[in-house]
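Asks: What would the 3D arrangement of this be:
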Amino acid sequence: MRLNEFLRIYEKSKEEQKKPTLSPRAFSIASVSHKGEVVMEKELPKAVVFDAIYTIDVHRSDQWMRIPVLPAGVVLQEARIDGKEAPVVFEQNAFKLVTKKSGTFRLDLKFVVPVSTQKGLSQLSFKVMPMGANRVSLALPQDAILDVTVVGGHDQSVSQVRGRRVVSATAPTSGNLVVRWEQKRPDAEEKRARVYSEVETLVQVADGLLQSTAIINQTILYAGVDKFLLQIPGNARVIQVEGAGVRDWVTDDSGLLRVNLNYKAENQYQFRVHMEQVLGGQPSVNAPIVTPVEVERSKGWLGVVALGNLEINAGTVKEAAPVDVRTLPAGILGQTQNPVLLGYKYVGTETRIPLNIFEHDEVDVLLTLVDQAQATTMVTGHGRRLTSVKYEVRNNRRQFLRVRLPDGAELWSAAVGGKAVQPAKAEDSLLIPLLRSSQQAHGLASFEIEVVFVEEGGETKGHLGQFKAKLPNIDVPVTYVAWSIFTGEELRVQSKSIDSSLRHVDELSTPLDSVDALRLHSENQSMQGVAANLQRSGGLDSGSAPVKVRLPIEGDPHHFEKLLALDEDLNVSFSYKVH
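Replies: I've put the predicted structure just below:
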């Protein structure tokens with residue numbers, strides 16, 4: 001672009017900037033204050049006389065404006081600007097102010113709007129012109145028995161001014177201004193609330209304790225209620241009350257529970273009462289049933305659950321009927337994952353459901369289980385054996401796995417979850433620290449323990465040798481044991497001489513699915529703490545860091561397996577020739 005062209009465009013833009021810009025609107029109604037006097041006829045509103053104050057802004061000077069201020073359907077009585085009559089005309093179905101004034105000024109209008117009444121409901125409605133703010137106040141006689149509502153209004157309030165009752169509100173700024181009157185009925189305020197109750201109770205019987213949760217569903221008619229009364233069974237103690245808007249609750253010496261709300265509940269309301277009751281060795285106890293007080297009718301459902309090895313049956317039931325537990329309300333069934341043993345429904349306040357409780361001795365069950373033990377043994381030409389045994393363990397509460405190595409075996413390494421550890425000594429066994437299995441969707445997760453040890457072989461006579469070995473004994477059951485023995489190329493096993501407490505197979509069957517065992521990283525704090533504690537308590541090689549040994553594998557494999565090994569010797573023996 002040439003310089004002279006740039007200067008021409010620049011000068012033109014400066015001239016355009018000097019031109020005055022027009023307002024996007026010729027005028028606007030900033031606000032209107034509608035002050036109305038209600039004209040009564042036979043205790044009903046007939047019309048409203050409004051004295052309205054308009055604040056109008058005209059944004060374009062030296063132009064005649066037609067500003068719509070009122071719709072058709074109202075009766076205009078007076079229009080003034082600065083105390084003088086203002087020119088208002090009716091055209092295009094609206095009253096319009098004709099003016100050449102500019103800036104901001106005030107327009108006073110006095111007009112009447114009729115009120116229609118049908119079936120006891122009176123209503124005023126007229127269209128308001130778009131404005132910024134709209135405030136409405138209506139004055140009616142003090143003795144008028146009317147409820148007044150500004151539809152769509154906000155901040156509605158009632159005040160007394162010079163013997164008149166004045167209703168004020170912030171009204172919509174577009175559309176229709178609608179006001180409704182409804183005649184008050186003197187007996188409406190005196191109508192008492194009627195409450196109907198339904199109680200859903202889950203009773204959980206534990207060792208020496210009854211725990212119960214009662215869900216109280218209230219149906220409230222005619223008027224709001226801000227407090228509820230319940231009679232609590234004599235030996236039960238209220239622990240907690242939960243519900244929307246519960247301000248506080250208190251029980252007195254007679255067992256009456258008072259629940260106070262911070263508002264008046266209407267229609268439907270629900271709250272929960274949590275209770276507990278000490279059994280004190282009693283073989284029979286009444287189910288804790290809460291009874292609503294000062295209600296029209298009360299009915300309920302009750303379900304019973306046992307926590308632990310308890311047998312529960314019902315005694316002679318009064319004013320209740322047994323039901324299939326599957327038909328109990330979801331409010332009861334949804335509170336527990338344990339099977340519901342007994343179910344009842346009842347009506348009234350005289351219900352008694354005795355529960356007979358029988359406690360039985362617990363049977364010991366497994367706390368720790370080895371899903372798989374996978375052993376691998378490498379036999380050298382001199383008969384020396386190096387063995388690795390990997391245990392896939394699921395543990396609930398045990399602290400150690402007790403491992404007894406074969407006689408003469410020397411431990412080379414031990415690892416838990418992939419992290420080398422130092423076992424402790426206990427008589428003729430090793431104590432290997434256990435992790436606690438984490439809970440997963442399919443049950444307890446397993447983790448891996450690996451033990452590597454070496455043994456000297458038996459003496460050979462010429463070219464003949466004898467192999468005799470057994471796996472370590474552990475103090476937990478093993479679901480499946482697999483043992484693979486590899487002999488070097490210089491050894492030839494005599495098949496007919498193979499003898500074992502396990503089954504000799506061509507290929508391992510691995511009947512259990514492969515398990516993703518838990519692995520621990522070297523920086524795992526909990527395992528470092530276990531290793532440190534074992535060192536301080538006299539673990540093997542105290543003062544030195546444990547080393548994880550990897551087993552070299554070569555030669556011909558011989559496979560052995562066994563299902564379910566229970567504290568028994570697992571051994572293999574055979575003869576071989578040395579080439």
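
Asks: For the rest of this, base every contact and every neighbour count on C-alpha atoms.
Replies: Will do.

Asks: Name the residues of stretch 101-110 that are buried.
Replies: 101, 102, 107, 108, 109, 110 (16 or more other CA atoms under 10 Å).

Asks: let me fix that: stretch 110-126
Replies: Those would be 110, 111, 112, 113, 114, 115, 122, 123, 124, 125, 126, for stretch 110-126 by 16+ other CA under 10 Å.

Asks: What's the end-to-end length of it?
Replies: Stretch 110-126 stretches 15 Å from its first residue to its last (CA to CA, to the nearest Å).

Asks: what does that stretch contact?
Replies: Stretch 110-126 has contacts (CA atoms under 8 Å, 6 or more residues apart in numbering) with 44-52, 71, 73-79, 176-183.

Asks: Could you report the separation of residue 311 from residue 281?
Replies: From residue 311 to residue 281 the distance is 14 Å (CA to CA).

Asks: ok, these two, which is more surrounded?
Replies: Applying other CA atoms under 10 Å to residue 311 and residue 281 shows that residue 311 carries more neighbours, namely 14 against 10.

Asks: The closest residue to residue 43 other than its chain neighbours: what secondary structure?
Replies: Nearest residue to residue 43, sequence neighbours excluded (CA to CA, 6 or more residues apart in numbering): residue 144, at 6.6 Å. Each residue gets one of three states, and residue 144 gets coil by DSSP: H, G, I helix; E, B strand; the rest coil.

Asks: how long is stretch 32-50 end to end?
Replies: 11 Å.

Asks: and that stretch, average pLDDT?
Replies: The average pLDDT for stretch 32-50 rounds to 91.

Asks: contacting residues around it?
Replies: 51-55, 109-116, 122, 131, 133-140, 144-145, 181.

Asks: try it again with 7 Å
Replies: 51-55, 110-115, 133-140, 144 (CA atoms under 7 Å, 6 or more residues apart in numbering).

Asks: can you pull the contacts of residue 152?
Replies: Residue 152 neighbours (CA under 7 Å, 6+ apart): 171, 172.

Asks: repeat that for 10 Å
Replies: Residues near residue 152 by CA atoms under 10 Å, 6 or more residues apart in numbering: 169, 170, 171, 172, 176, 177, 178, 179.

Asks: could you dump the residues you listed to a markdown table with distance to residue 374, pLDDT and secondary structure?
Replies: Output for the contacts of residue 152, formatted as a markdown table (distance: CA to CA, whole Å; pLDDT from 0 to 100; DSSP: H, G, I helix; E, B strand; the rest coil):
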| residue | distance to residue 374 | pLDDT | secondary structure |
| --- | --- | --- | --- |
| 169 | 84 | 93 | strand |
| 170 | 82 | 93 | strand |
| 171 | 83 | 93 | coil |
| 172 | 81 | 92 | coil |
| 176 | 85 | 93 | strand |
| 177 | 86 | 93 | strand |
| 178 | 86 | 93 | strand |
| 179 | 87 | 92 | strand |
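
Asks: Check the burial of residue 500 by counting its neighbours.
Replies: 17.

Asks: I misspoke; the intended subject was residue 164.
Replies: 16.

Asks: Same check on the one 5 residues further on?
Replies: Counted by other CA under 10 Å, the residues lying close to residue 169 total 20.

Asks: roughly how far apart are it and residue 152?
Replies: Taken as CA to CA, the span from residue 169 to residue 152 is 10 Å.

Asks: dump the residue contacts of residue 72.
Replies: 90, 91, 92, 93, 94, 95, 126, 127.

Asks: now these: which count as buried?
Replies: Of the contacts of residue 72, these count as buried by 16+ other CA under 10 Å: 94, 95, 126, 127.

Asks: hang on, the earlier thing: now, the most widely separated pair of the contacts of residue 72?
Replies: Maximum pairwise distance among these (CA to CA): 17.1 Å, between 91 and 126.

Asks: next helix or strand past the least confident helix or strand in the chain by mean pLDDT?
Replies: Every helix and strand in the chain was compared by mean pLDDT, DSSP states H and E; the lowest is helix 525-536, with a mean of 46. Using DSSP states H and E, the helix or strand that follows helix 525-536 in sequence is strand 556-565.

Asks: what lines up beside that following strand in the sheet?
Replies: strand 478-487 (antiparallel), strand 503-505 (antiparallel) (DSSP bridges).

Asks: wait, which of the ones you listed is closest to residue 561?
Replies: strand 478-487 (4.4 Å).

Asks: Going C-terminal from the closest one, what's the next secondary structure element?
Replies: strand 491-493.

Asks: Relative to the very next helix or strand once past that following strand, what are the paired strands and their orientations?
Replies: Moving toward the C-terminus from strand 491-493, the next helix or strand (DSSP H and E) is strand 499-500. Strand 499-500 sits in its sheet next to strand 571-578 (antiparallel), going by DSSP bridges.

Asks: got a list of contacts for the strand it pairs with?
Replies: Contacts for strand 571-578 (CA under 10 Å, 6+ apart): 381-383, 460-472, 483, 485, 487-504, 560.

Asks: Let's see that with 8 Å instead.
Replies: With contacts defined as CA under 8 Å, 6+ apart, strand 571-578 is touched by 381, 463-471, 490-495, 497-502.

Asks: what do you get for stretch 86-99?
Replies: 64, 65, 66, 67, 68, 69, 70, 71, 72, 79, 80.
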